[in-house]
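1. this is the structure alone, sequence omitted:
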């Protein structure tokens, strides 16, 4: 189940292509071609985009992503954020993960 959800998520270094109407509800795209992830500020921007995209996706698909925790939206968001970050190349993954940790600490 989680694998199927992760397959529906996408990160793109290029600007997004408009999805078809049928794909719009099930696909999520987070663009970062305008960012340089070696810069902590840009990694933080991408972390924010991932957080917002995960929240939006989970608003519609929470029961599918985390059926046993449908009443706990934070679990769905955590799963989706993890899938998106895991899809990044290792160097970018580390930069965004550090930005997420800093974000949670309120820095």
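-> Perfect, thanks for sending it. Note that the structure is a prediction, hence the values are computed from the model and not measured.
2. which residues touch the residue nearest the centre of the chain?
-> Centroid check for the chain by CA atoms, centre = their mean gives residue 50 as the closest residue, at 3.6 Å. Residue 50 makes contact with 30, 81, 84, 85, 96, 100, according to CB atoms under 8 Å, 6 or more residues apart in numbering. Every residue, glycine included, has its C-beta placed from N, CA and C.
3. CSV for these, including pLDDT?
-> Shown next, in CSV, are those (pLDDT from 0 to 100):
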residue, pLDDT
30, 88
81, 90
84, 89
85, 90
96, 92
100, 88
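4. among those residues, which lie within strands?
-> The strands, defined by DSSP state E, take in residue 30 from the contacts of residue 50.
5. top of the contacts of residue 50 by number of neighbours, please.
-> Highest neighbour count within the contacts of residue 50, by other CB atoms under 10 Å: residue 96, with 26 neighbours.
6. unless I'm mixing things up, that residue is touching residue 85, no?
-> Yes: between residue 96 and residue 85 there is a contact at 5.4 Å, judged by CB atoms under 8 Å.
7. could I get the full set of helices for this protein?
-> 2-7, 21-24, 40-65, 73-86, 90-105 (DSSP state H).
8. now these as CSV including distance to residue 34?
-> Below are the helices of the chain laid out as CSV (distance: least, CB to CB, whole Å):
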stretch, distance to residue 34
helix 2-7, 24
helix 21-24, 22
helix 40-65, 9
helix 73-86, 17
helix 90-105, 14
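9. pLDDT wise, what is the closest residue in space to residue 48 that isn't next to it in sequence at?
-> Closest residue in space to residue 48, ignoring its immediate chain neighbours: residue 103 at 7.3 Å, by CB to CB, 6 or more residues apart in numbering. What the model reports for residue 103 is a pLDDT of 84.
10. redo the contacts of residue 50 as a markdown table? Include distance to residue 60.
-> Putting those into a markdown table (distance: CB to CB, whole Å) gives the following:
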| residue | distance to residue 60 |
| --- | --- |
| 30 | 16 |
| 81 | 16 |
| 84 | 16 |
| 85 | 20 |
| 96 | 23 |
| 100 | 22 |
